[in-house]
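A.B. asks: Coordinates for the following, if possible.
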Amino acid sequence: MNPALWILPVTTALVMWLSIKVSIRFLFRPASPVKFAGIRIQGIFPQYQSVIARQVTEAVINEIANSHDIKQFITGPRVLEKIMPSIEIHLDDFLNRKLKEALPVISLFVGEKVIAQLKALFIQELQVLFPSVMSQLFDGLQQNRELADTLYVKLCAVNTEKFEEAFYGSFKKALVKAECGFAVVGFLTGLLQLLIILYLN
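C.D. replies: Just a heads-up that it's a prediction; the model follows:
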């Protein structure tokens, strides 16, 4: 028997390892289309980025619009509580400065007590209106194509190289395991082929 046959398991393992490595690399490379032997070659993600962006956009919008938990959170009191300090600052500025500047005669008849009452009234009305307004806004997400189009444009503008770096950074260990797994399968396949050859001889 030819001694060179003993390297068959190693060769098969190497081929399988290179195959999975090249296949993973082909997800992102080449970023721009190139022609080889008359065949146009481009990485899967760069080639179909707009299609992927559209599908992800629709999935995200639909998932958010149909999520009862997200709707409850957005229309719930916790969101209003978080933005209330900012609202109160703007209310104070409006009632104590802008309103008096726009209508100076008001300052002659409206004192601090009335301003405090107006502020309390505004906040009370806001607490009533906020859930209703947010609910209507939430229900209109699917019909509001502006939001979907904005998200789509942002996803299309994602830099392929940055996405590639993030991908390899996040799944480095998993990719190494996959490559090693394919190499082991290749080695076992080569070993099985070698045993068959030895048996037939």
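A.B. asks: low-scoring pLDDT stretches of this structure, where are they?
C.D. replies: For the chain, the stretches flagged by pLDDT under 70 are 1-3, 142.
A.B. asks: in it, which spans are strands?
C.D. replies: For the chain, the strands defined by DSSP state E cover 34-36, 39-41.
A.B. asks: Packing partners of the first one?
C.D. replies: Right, strand 34-36. Packing partners of strand 34-36 (3 or more CB pairs under 8 Å, 6 or more residues apart in numbering; DSSP states H and E): strand 39-41. The way it works is simple: take the backbone N, C-alpha and C, and place the C-beta from them, glycine included.
A.B. asks: outside of the strand it packs on, which residues touch it?
C.D. replies: With CB atoms under 8 Å, 6 or more residues apart in numbering as the contact definition, strand 39-41 has outside contacts at Pro30, Pro33, Val34, Lys35.
A.B. asks: List the contacts of the last one.
C.D. replies: Which is Lys35. Contacts of Lys35 were listed using CB under 8 Å, 6+ apart, and they are Ile41.
A.B. asks: Same check on the second one?
C.D. replies: By CB under 8 Å, 6+ apart, the contact set of Pro33 is Arg40, Ile41, Gln42, Gln47.
A.B. asks: which of the residues you listed lies closest to Val184?
C.D. replies: Within the contacts of Pro33, proximity to Val184 (CB to CB) peaks at Ile41, which comes in at 29.3 Å.
A.B. asks: give me the number of residues near the closest one?
C.D. replies: Residues lying near Ile41 (other CB atoms under 10 Å) number 13.
A.B. asks: Next: Gly76.
C.D. replies: For Gly76, the neighbour count with other CB under 10 Å is 13.
A.B. asks: For it, grab phi and psi.
C.D. replies: With angles defined as degrees, to the nearest 10, Gly76 shows backbone torsions of phi -80, psi 170.
A.B. asks: ok, it - contacts?
C.D. replies: Under the criterion of CB under 8 Å, 6+ apart, the contact partners of Gly76 comprise Pro131.
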